[in-house]
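>>> Give me coordinates for this.
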Amino acid sequence: MTNTKLHGTLWAALTVIVWSAWPAFTRLAVTESVTPADIVLLRYGIGGLILLPVLLRLAGSMPRHAWLEGLWFALLQGAPLAMLTAQGLALAPAGHLTLSTGLMPLFTSLLCFYFLGEAISRLRKYGLALITLGALAIGGVSVASIHLDYWKGDILFVCAGMLGSVYLLRMRRSGLSAMQGAALLSVYSLLIYLPFFVLFFWESSKLTQIPVSDLLFQGFYQGVLMGALTIFSLGRSTMLLGAPAAAMSLALLPVASFLLAFFILGEVPTIFEILGAIAISL
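From the prediction side, this is the model:
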């Protein structure tokens, strides 16, 4: 393995490690203590403030097109995506977020094939077929549980996966560094979402009602790790490995997400969900 691939793999692994616990911790938060809108504020309010000095330092060397590209980053991988996943986790089990991260390799590979002309190898086709079957198995559980709101959450997860896939493609083609992309994404998300939150979600917010220890934990996890660190690590792995390979590394998340949802939330997956997660990871 070359140094470039090794470094890209390590950055992708860091992203997977942090993201694997995000579904469980976020579902715990949105079902017991805060609202989905609060989660988005913590993620990009804190993440944006952390990366604001970075953006100011990089501003002088930023190409002109970067400022418009940053708006796309914020719309695709910023607050809208975070709101879709957080709201989805208020409706569906944490393990079902697999339908977002797990389907990203499928969406990204198809986008690269149709818009960039990148060939899909036979081995990758087998992988994408397994991902499709796994997603159908997990989605089938939601359809079978029609009296619950699982299917609504699943739809939001799939939409989030589509947004994330387009982001990976734009990030790769932007010519920006991972740090430039991360700073633009987080700061733009802060500037766009904060007024929106104050106007529409402030009255229903529960941030002032939860214990300080819970607020500090969620602030660190959502804001520092998810809102700053993994945005950089995902962008870095995308630049080093390419969008399809970086997205493919996220397919390692399903099994880990279901396991952590079991230990943290006590959610017991069905046999179809287990088989679906294994298929996607394989």
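>>> Next one: residue 199 from residue 193, what distance?
Plainly put, residue 199 is 11 Å away from residue 193 if you go by CB to CB, to the nearest Å. Every C-beta, even on glycine, is put in place using the N, C-alpha and C of the backbone.
>>> Quick one: low-confidence residue ranges for the stretch 151-282 of the chain.
Along the stretch 151-282 of the chain, segments meeting pLDDT under 70 span 243, 247-248, 250-251.
>>> the helices in it, which residues?
178-200, 212-218, 230-241, 243-249, 253-265, 271-281 (DSSP state H, counting those that start in this stretch).
>>> Quick one: the ones you listed as CSV, columns for distance to residue 159 too.
Shown next, in CSV, are the helices of the stretch 151-282 of the chain (distance: least, CB to CB, whole Å):
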stretch, distance to residue 159
helix 178-200, 17
helix 212-218, 24
helix 230-241, 19
helix 243-249, 16
helix 253-265, 18
helix 271-281, 18
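>>> Can you check which of these gets nearest to residue 82?
helix 178-200 (8.0 Å; CB to CB).
>>> Which secondary structure elements does the closest one sit against?
On a contact count with 3 or more CB pairs under 8 Å, 6 or more residues apart in numbering; DSSP states H and E, helix 178-200 meets helix 36-41, helix 47-58, helix 64-77, helix 79-89, helix 230-241.
>>> Run the angle between that helix and helix 230-241 for me.
In terms of direction (axes from the mean of the first three to the mean of the last three CA atoms, to 10 degrees), helix 178-200 departs from helix 230-241 by 140 degrees.
>>> Tell me the buried residues in helix 178-200?
178-190, 192-193, 197 (16 or more other CB atoms under 10 Å).
>>> Residue 131: helix or strand, and which one exactly?
Assigned by DSSP states H and E, residue 131 belongs to helix 122-144.
>>> Pull the distance from that helix to the chain's centre.
How far helix 122-144 lies from its chain's middle: 19 Å, per CA atoms, centre = their mean, to the nearest Å.
>>> tell me the angle that helix makes with helix 271-281.
Using the same axes, to 10 degrees: helix 122-144 against helix 271-281 is 160 degrees.
>>> Put the alpha carbons of helix 122-144 into PDB.
The C-alpha coordinates for helix 122-144 follow below in PDB (Å, rounded to 0.1, in the frame of the first residue of the first chain):
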ATOM      1  CA  ARG A 122     -16.500  -6.300 -11.300                       C
ATOM      2  CA  LEU A 123     -15.600  -6.600  -7.700                       C
ATOM      3  CA  ARG A 124     -17.100  -3.200  -6.900                       C
ATOM      4  CA  LYS A 125     -20.300  -4.300  -8.700                       C
ATOM      5  CA  TYR A 126     -20.600  -7.300  -6.400                       C
ATOM      6  CA  GLY A 127     -20.100  -4.900  -3.500                       C
ATOM      7  CA  LEU A 128     -22.700  -2.500  -4.700                       C
ATOM      8  CA  ALA A 129     -25.100  -5.400  -5.200                       C
ATOM      9  CA  LEU A 130     -24.600  -6.600  -1.600                       C
ATOM     10  CA  ILE A 131     -25.200  -3.000  -0.400                       C
ATOM     11  CA  THR A 132     -28.500  -2.900  -2.300                       C
ATOM     12  CA  LEU A 133     -29.600  -6.200  -0.900                       C
ATOM     13  CA  GLY A 134     -28.700  -5.100   2.600                       C
ATOM     14  CA  ALA A 135     -30.500  -1.900   2.300                       C
ATOM     15  CA  LEU A 136     -33.600  -3.700   1.100                       C
ATOM     16  CA  ALA A 137     -33.500  -6.100   4.000                       C
ATOM     17  CA  ILE A 138     -33.300  -3.200   6.600                       C
ATOM     18  CA  GLY A 139     -35.900  -1.200   4.800                       C
ATOM     19  CA  GLY A 140     -38.200  -4.300   4.700                       C
ATOM     20  CA  VAL A 141     -38.200  -4.300   8.500                       C
ATOM     21  CA  SER A 142     -39.700  -0.800   8.400                       C
ATOM     22  CA  VAL A 143     -42.300  -1.700   5.900                       C
ATOM     23  CA  ALA A 144     -43.300  -4.700   8.000                       C
END
